[in-house]
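**Q** Pasted the sequence and its predicted model underneath.
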Amino acid sequence: MTREIVITGLGAVTGFGVGAAALWDGLLAGQSTLGPITRFDASGFPSALASEIPDFSARKFVPKTYRKAVKVMARDIELAVGASLDAVHDAGLITKGTRDDDSTPLTYDPARVGCHIGAGLIACEIDELTAALSTSRNDAGEFDYEAWGRGAINNLTPLWLLKYLPNMLACHVTIIHDARGPSNTITCAEASGGLSIGESKRIIERGEADICFSGGAESKLNPMGMMRLEFAGRLARTEGITDGASLISPYDPDAPGSLLGEAGGIILLESKDTAAARNAGAYCQLAGAGAGQSPASDDPARRSVGLQNAIRAAIRSAGITPDQIQAILPHAAGVPDLDLEEAAALRAIFGDSLEKIPLVTLTPAIGETLAGAFGVAACVGALCVHHQTLPTRLHAGKCPSDLQAHAADQRDASIQHMLVCSSSLGGQNAAVILKRIDA
């Protein structure tokens, strides 16, 4: 018999601060964290608003003996470390990174703890790069590859590369918490966290681990990260606007685009039997997971096939039918081309009943968080199912009549099954089904 899997811990670091509780409270209150960028001078960018995490450093979330390692953590790594510790505390675990001394027993044998964290293409800090690039110019002042290879590359800071390897998110989390079970990193943009959750699910189901860290983290809030998203045509022109929420309108064909956010979202997936053995509470059950690949096409409807396949696979693995889904948490980026693709997939799966299914949208509140998005979405979805509540929904424009994405107040809801899904910049798609646990 396949092992059932529950979510016992939620960890989030978002513009609302540290903690899944802070995220949930902010969403219930209908707040948005999108405002002027302060982490660097963004005045030269057409898009100058984002969701920043206030007063955050991983030094506060690692053991004292590990604080030197923060020097080789890019922002993405720090977010994963902070979200993971939040999840550990929320699940009531004792790990190597949280116990007071070596005599305190661990909740789990480290060999039974896995870790699968989604990551993005980590953007390098400009100051670190220019320290080396400035010494690799020729007489004309242009960049010279030969000069770079002859020695300018040596002017990069020691251990520079260790800050920017995507697998370092999971690496630091596994070291801090001594997770020696199966570990992996998935780098598929917005779908990264969902695909990681699916991998953790399969690892636990086949008995290779009893509990897994899973989710994702990313921050593009630096010049190189912003430039990549600008070239991708994802970002809205802000033109002196200071209220970011006034720009984000998912599924609006006239939406100006999205705004960046930084976030980390980590959930703890645990085998139901071992969770019960330690008397752990659970938010919900992870009932299904699916993945799909979209074909390269300029037609959003054609691209939607990948997300359709992911959703159908998740529903099938949960042993349910589409009419048993009571709420959906999609990517809802506020970028017309992406939203058209997502809407086409939802319409293909749910047909005329789609207009009756409420959507939960996060981008107007915390921005486009890329590889961090699905982990955060999983936290919010778990809280929706657990509390039988849908948070306040923000929307700055108009949306099609068959999509419940318009502005709405917080409300009670009867949610037995909830779909969380996302496409991605590279065409990968992920979907999971969260199921209510009856008392």
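**A** Thanks, I have it.
**Q** Just say helix, strand or coil for Cys384.
**A** What DSSP: H, G, I helix; E, B strand; the rest coil gives for Cys384 is helix.
**Q** who's in contact with the residue nearest to Asp178 when sequence neighbours are not counted?
**A** Leaving aside its chain neighbours, Asp178 sits nearest to Lys96 (3.7 Å; criterion: Cβ to Cβ, 6 or more residues apart in numbering). Every residue, glycine included, has its C-beta placed from N, CA and C. By Cβ atoms under 8 Å, 6 or more residues apart in numbering, Lys96 lies in contact with Leu106, Pro110, Ile176, His177, Asp178.
**Q** Looking at those residues, which one is closest to Leu195?
**A** His177 (21.5 Å; Cβ to Cβ).
**Q** Now that closest one. Its backbone dihedrals?
**A** Main-chain torsions, His177, degrees, to the nearest 10: phi -100, psi 10.
**Q** Let me know the pLDDT of it.
**A** With respect to pLDDT, His177 scores 98.
**Q** now Asp337
**A** pLDDT, Asp337: 94.
**Q** now for the host helix or strand of it, which elements pack on it?
**A** Element membership for Asp337 (DSSP states H and E) is helix 336-350. Taking 3 or more Cβ pairs under 8 Å, 6 or more residues apart in numbering; DSSP states H and E as contact, the helices and strands that helix 336-350 lies on are helix 300-318.
**Q** Show me which positions of the helix it packs on end up buried.
**A** By neighbour count, and taking 16 or more other Cβ atoms under 10 Å as the criterion, the buried residues in helix 300-318 are 300, 303-315, 317-318.
**Q** And for stretch 132-152?
**A** Residues Ala132, Leu133, Ser136, Asp144, Ala147, Trp148, Ala152 are the ones in stretch 132-152 that count as buried (16+ other Cβ under 10 Å).
**Q** Which members of those are the farthest-apart pair?
**A** Ala132 and Asp144 (12.3 Å).
**Q** one step back: closest to Ser294 out of the buried residues of stretch 132-152?
**A** Ranked by distance to Ser294 (Cβ to Cβ), the buried residues of stretch 132-152 are led by Leu133 at 36.2 Å.
**Q** Now do the contacts for the closest one.
**A** Neighbouring residues of Leu133 by Cβ under 8 Å, 6+ apart: Phe143, Trp148, Ala152.
**Q** What strand or helix carries the second one?
**A** Put plainly, it is Trp148. With DSSP H and E as the test, Trp148 turns up in helix 145-150.
**Q** That helix: how far from the chain's middle?
**A** For helix 145-150, the separation from the chain centroid amounts to 38 Å (computed by Cα atoms, centre = their mean, to the nearest Å).
**Q** Please pull out the lowest mean pLDDT helix or strand from this protein.
**A** helix 126-133 (a mean of 85; mean pLDDT, DSSP states H and E).
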